[in-house]
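> below is the structure, and that's it, no one-letter string:
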Ligand SMILES: Cc1cc2nc3c(=O)[nH]c(=O)nc-3n(C[C@H](O)[C@H](O)[C@H](O)COP(=O)(O)OP(=O)(O)OC[C@H]3O[C@@H](n4cnc5c(N)ncnc54)[C@H](O)[C@@H]3O)c2cc1C
């Protein structure tokens, strides 16, 4: 079966979907509301499950060349710098950290030329006799299938799933930044495609304080992504000096946290509220499928949101390639993806509650400390947990670029 799909949204999920469709011989039109393509924001990590999905899309090697191994899952620290768990020199980590723009760029580079249309904000959808017609300011187009990959505040979901609830504020907020670390001791450790040694300092860590945690990922030589996730009473709480606020809260935390914040330009400090989506009863309706955050926006605490969107893309293409019709394929997509993504979102929400709860802090720290180091290391190895063990269905070899 082949056909034409309209993909709404040109983020990581939308581009992965377009690329996956290309692999099975479909055509796709990606409609992106931004006037220029690219990812704003800071960094992210990708676990083995997402890397295998990227391999299936034919861009695993390109992605690995941009990603930097991060020991964030191996180095758990307290604000005074002591380690609860510590990676050893020579340990291999399966986590790769990226600047968002770099991972997005790898996908964009692989999508056939002319498939992405920018400045096209989709406002409506309607069923027609051939498929679905999508409208945007100044245009309309029809396709056999529409994929809503338009993020947590998805228009496709609002229009086609009017009964779905709005994203929910989780009582948490985060400051993020990307810092040039050349002036910080140990700051030039991270380098794409290499294993950094020793696994310490800026090679990736999570520092757990009462009521919040600080994450460090190296994303290239002399560039580090950091994030501080903590509780907030209400959404939309903003500060005149965002950098000053986060620096004040973390002034006594261990090196290099205060230095990292200090070295970040004021305007590069991003402050966001954390929301997720209550589970939808289905990701498919008629000829419309939701993918990525539009289907299952999750809190960032398991570092899985974008990875799950890449998995979605591979599975959707695989079922379109093997099932006899679009309806049957979408039913299988929903059956395969909903349980896994909703379980991951549930887990992320629970992790987030645990790691930012001041009341549960002492218990959490004691529990982590009690886990024997070999057991901890086993849990964060490539095959160490069910989420990371996932394997993608096979897609056909790439067809020539069109
Ligand atoms: C603090 C934080 C840290 C995170 N860390 C990680 C991590 O380490 N690893 C990980 O895998 N994930 C992480 N995530 C999650 C990840 O960012 C998201 O899951 C991922 O970006 C979702 O991709 P997407 O393509 O589904 O949606 P988006 O990235 O939101 O892309 C949606 C696109 O659709 C476009 N769009 C929206 N509406 C319309 C419209 N009406 N018409 C046309 N275009 C439209 C938007 O402009 C955008 O380009 C993190 C998230 C946060 C908040």
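Sure, I can see it. Remember, predicted model here, so these are calculated numbers, not experimental data.
> which parts of the chain sit against the ligand?
Within reach of the ligand by C-beta under 6 Å from any ligand atom, the chain has these residues: 8-14, 31-34, 44-46, 121-122, 149-151, 155, 174, 176, 227, 272, 292-294, 300, 303-307, 309. (C-beta placed from N, C-alpha, C; glycine too.)
> can you flag the buried ones in the residues you listed?
The neighbour-count criterion (16 or more other C-beta atoms under 10 Å) marks 8-14, 31-33, 44-46, 122, 149-151, 155, 174, 176, 227, 272, 292-294, 300, 303-307, 309 among those as buried.
> and those, which of them are in strands?
8, 31, 44, 45, 46, 122, 174, 176, 227, 272 (DSSP state E).
> measure the residue of the stretch 1-150 of the chain found nearest the ligand to residue 145 for me?
Relative to the ligand, the nearest point of the stretch 1-150 of the chain is residue 11 (2.3 Å; C-beta to the nearest ligand atom). In this view, residue 11 and residue 145 are 18 Å apart by C-beta to C-beta, to the nearest Å.
> residue 350 should be in a strand, yeah?
No. With DSSP: H, G, I helix; E, B strand; the rest coil as the criterion, residue 350 is assigned helix and is not in a strand.
> okay, now it: neighbour count?
By other C-beta atoms under 10 Å, 13 other residues sit near residue 350.
> likewise for residue 210?
Using other C-beta under 10 Å, residue 210 has 16 neighbouring residues.
> does it really touch residue 359, like I thought?
No. Taking contacts as C-beta atoms under 8 Å, residue 210 lies outside contact range of residue 359: 9.0 Å.
> residues touching residue 70, list them.
Residues in contact with residue 70 (C-beta atoms under 8 Å, 6 or more residues apart in numbering) are 45, 93, 95, 96, 97, 203, 204, 217, 218.
> turn those residues into TSV, columns for pLDDT.
Converted to TSV, the contacts of residue 70 look like this (pLDDT from 0 to 100):
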residue	pLDDT
45	97
93	92
95	95
96	96
97	95
203	87
204	92
217	94
218	91
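> show me how to select, in PyMOL, the buried members of those.
Those of these that count as buried under 16+ other C-beta under 10 Å are selected in PyMOL with:
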select buried, resi 45+93+95+96+97+203+204+217+218
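> make CSV out of the contacts of residue 70 and add secondary structure.
What follows is the contacts of residue 70, written out as CSV (three-state DSSP):
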residue, secondary structure
45, strand
93, coil
95, coil
96, strand
97, strand
203, helix
204, coil
217, strand
218, strand
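> tell me the residue of the stretch 101-250 of the chain that sits nearest the ligand?
Using C-beta to the nearest ligand atom, the closest approach of the stretch 101-250 of the chain to the ligand is made by residue 151 at 2.7 Å.
> I'd say that residue and residue 290 touch.
No. In this structure residue 151 lies outside contact range of residue 290 using C-beta under 8 Å: 10.6 Å.
> what's the closest non-adjacent residue to residue 86?
Once flanking residues are discounted, residue 86 sits nearest to residue 75: 5.9 Å by C-beta to C-beta, 6 or more residues apart in numbering.
> what about that neighbour, how many residues nearby?
23.
> go on, residue 265?
By other C-beta under 10 Å, the residues close to residue 265 number 11.
> what's the distance between it and residue 349?
Going from residue 265 to residue 349 by C-beta to C-beta gives 32 Å.
> just residue 119 next, same as before
When residue 119 is compared with residue 349 (using C-beta to C-beta), they lie 35 Å apart.
> ok, now residue 11?
Look at residue 11 and residue 349: by C-beta to C-beta, they are 21 Å apart.
> cool, residue 80 as well?
Residue 80 sits 29 Å away from residue 349, going by C-beta to C-beta.
> the two: which has the busier surroundings?
The neighbour count for residue 80 versus residue 349, taken as other C-beta under 10 Å, is higher for residue 349 (19 against 10).
> is the more buried one in contact with residue 296, as I believe?
No. In this structure residue 349 lies outside contact range of residue 296 using C-beta under 8 Å: 11.3 Å.
> chain neighbours aside, what residue packs nearest to residue 118?
Leaving aside its chain neighbours, residue 118 sits nearest to residue 32 (5.1 Å; criterion: C-beta to C-beta, 6+ apart).
> what sits against the one you found?
Counting by C-beta under 8 Å, 6+ apart, residue 32 touches 9, 10, 14, 116, 117, 118, 119, 120.
> repeat the analysis, applying 10 Å as the threshold.
Neighbouring residues of residue 32 by C-beta atoms under 10 Å, 6 or more residues apart in numbering: 7-11, 14-15, 38, 116-122, 149-150.
> same thing with residue 178?
Contacts for residue 178 (C-beta under 10 Å, 6+ apart) come out as 41-43, 99-101, 217, 219-220, 223-226, 260, 264-265, 268-270.
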